[in-house]
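A.B. asks: here is a sequence with its predicted model. Questions after.
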Amino acid sequence: MLATATVLVDIGRSLREGFFMFWETLWPLVLGFGLSGAVQAFVSRDAMQKKLGDHRPAAVVRASGYGMVSSSCSYAASAMAKSLFAKGADYIAAMVFMFASTNLVLELGVVLIVLMGWQFAVSEFVGGIIMIALLATLGALWLRGRRIVEARERLSTGSTAEHQHGPTENAELQRERWSVRLRSKGGWADSATYTMSDLTMLRREMVIGYVVAGFLAVLVPTSVWQAVFISGHGFWTSVENVIVGPFIAIISFVCSIGNVPLAAALWKGGISFGGVISFIFADLIAFPLLMIYRRYYGTRLMLRMLAVFWALMSTAGLITEGIFRAAGLVPTVRPTTIAPAHFSWNYTTYLNIVFVALFGFLYWIYRNREKLGGGTGYVRDPVCGMQVETAHAPASLVHAGERFYFCSDRCADLFSTQQQASSPPPSDGAQHHTARH
């Protein structure tokens, strides 16, 4: 009985820790996703498919910029990168877009500042730029040749061919001056819809991230972290940590912003500064995404991507730590707690109240988007809830005479599986009829 009570207490403490991590980052999440939705609504994406034909410096800068203004969801980023590549973009430029989309976005930086400190937010952007530069130079030496040609052929002869359906993009608003765009009710309705769609799409990742981080912070003793992350060996400690960090990301199954609470727990446990950065970078090689790469590009290219991405993420983390250590910016004190143990009337509480009210207003706009003139050329992914532009949807399927659009092949597969499971089995007469034919 005592053992059961102890377990329940530990579970309660862990869930409380995870909740207060969420409470500490609530207003940054609303701010980040709100601004991200606005950028996605008001910035045209047509140029993404027209100006990424190589990976020279200008194209790399453009791909990075496009990634920064896109959704931070790792699944959506991988699907968009695949679509860009299938439609003619250079493979390295498409991967640069994917890296930027998950590492150089505003909402990630804001959450890092609140949960871990400004040094981690700055290092994420500095390291992200270093990682992209390494990808465009050294990574391009390994991700080229016959494997890339085969991957493009694989996409062109597979399900990608049917993804071109849908109306042409209505870019009228994007061609207007910024003063006109920002006064458009329809534009802001689309902005709110993007915000709600991204939150809907990422809610599972964030819940898992906060819950797992709470358990790690409360239940895993320091001795375990010390066994995983060696210390006291100078440079070799940093090398081991930046290599192990991505491995933990692979087996954690958590992508996107959901891995920031885990990073905070790892930092509290003893991982090096560069190890934290490489761990955050490595959301793009979490196991579910590796399986997606395998489907998109084939097993051999997926394994090469894993090796190259892992090496780039570890190297970028190591270089970033060296830069920050030389500048004296690496934090010297580790937190004993990640989040408060109770509510209090402080700036976090006041900001949360304000941004919860703002979230309510955005939700009202989202619910009334059609009345406000929004939603033209967009539909919601029926699986994850992400807003999808029909003209550039990464996947689409026809079911019961109606076409459905999806943010990724992963959602399309889940939808297809759900429909097959819910369909009644054929009658004996139908089976006999089929057999005779």
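C.D. replies: Structure received. Numbers count the residues shown, from 1 in each chain.
A.B. asks: helices along the stretch 51-200 of the chain, start to end?
C.D. replies: Residue ranges of the helices in the stretch 51-200 of the chain, as given by DSSP state H, counting those that start in this stretch, are 57-68, 74-86, 91-103, 106-115, 118-134, 140-142, 146-157, 172-175, 178-182, 185-219.
A.B. asks: give me the buried positions along the helix or strand following the longest one.
C.D. replies: This points to helix 185-219. Later in the chain than helix 185-219, the nearest helix or strand by DSSP states H and E is helix 222-228. For helix 222-228, burial by neighbour count (16 or more other C-beta atoms under 10 Å) applies to 225, 228. C-beta here means a position set from N, CA and C on the backbone, and glycine is covered the same way.
A.B. asks: what does the helix or strand just after helix 222-228 rub up against?
C.D. replies: Counting by DSSP H and E, the next helix or strand C-terminal to helix 222-228 is helix 235-252. With contact meaning C-beta atoms under 8 Å, 6 or more residues apart in numbering, helix 235-252 is reached by 212, 228-231, 233, 259, 262, 266, 271-272, 274-279, 281-283, 285-287, 290, 310, 313-315, 317-318, 321.
A.B. asks: out of the helices of the stretch 51-200 of the chain, nearest to residue 306?
C.D. replies: helix 140-142 (11.5 Å; C-beta to C-beta).
A.B. asks: and the closest one, what does it pack onto?
C.D. replies: If you count contacts as 3 or more C-beta pairs under 8 Å, 6 or more residues apart in numbering; DSSP states H and E, helix 140-142 packs onto helix 299-326.
A.B. asks: low-scoring stretches of the stretch 201-350 of the chain, by residue?
C.D. replies: 201-202, 222, 226, 253-256 (pLDDT under 70).
A.B. asks: thinking again about what came up before, what's the closest of the helices of the stretch 51-200 of the chain to residue 299?
C.D. replies: helix 146-157 (10.6 Å).
A.B. asks: just checking, what packs against that closest one?
C.D. replies: Secondary elements touching helix 146-157 (3+ C-beta pairs under 8 Å, 6+ apart): helix 74-86, helix 91-103, helix 287-297, helix 299-326.
A.B. asks: residues of it that come out buried?
C.D. replies: For helix 146-157, by 16+ other C-beta under 10 Å, it's 147, 148, 151, 152, 154, 155.
A.B. asks: mind checking the SS state of residue 379?
C.D. replies: Using DSSP: H, G, I helix; E, B strand; the rest coil, the structure places residue 379 in strand.
A.B. asks: OK, contacts around it?
C.D. replies: Contacts of residue 379 (C-beta under 8 Å, 6+ apart): 387, 388, 390, 404, 405.
A.B. asks: for residue 24, state which of these is nearest.
C.D. replies: The closest of the contacts of residue 379, once distances to residue 24 are taken by C-beta to C-beta, is residue 387, at 27.8 Å.
A.B. asks: max pairwise distance over the contacts of residue 379: which two?
C.D. replies: Applying C-beta to C-beta across the contacts of residue 379, the maximum distance is between 387 and 404, 13.7 Å.
A.B. asks: who has more neighbours out of the two?
C.D. replies: More neighbours surround residue 387 than the other of residue 387 and residue 404, with 28 against 22 (other C-beta atoms under 10 Å).
A.B. asks: what's the burial count for residue 295?
C.D. replies: Burial of residue 295 is recorded as 16 neighbouring residues (other C-beta under 10 Å).
A.B. asks: any idea how far the closest residue in space to it that isn't next to it in sequence lies from residue 88?
C.D. replies: Distance criterion C-beta to C-beta, 6 or more residues apart in numbering; nearest residue to residue 295, sequence neighbours excluded, is residue 409 at 6.6 Å. As for residue 409, its distance to residue 88 is 19 Å (criterion: C-beta to C-beta, to the nearest Å).
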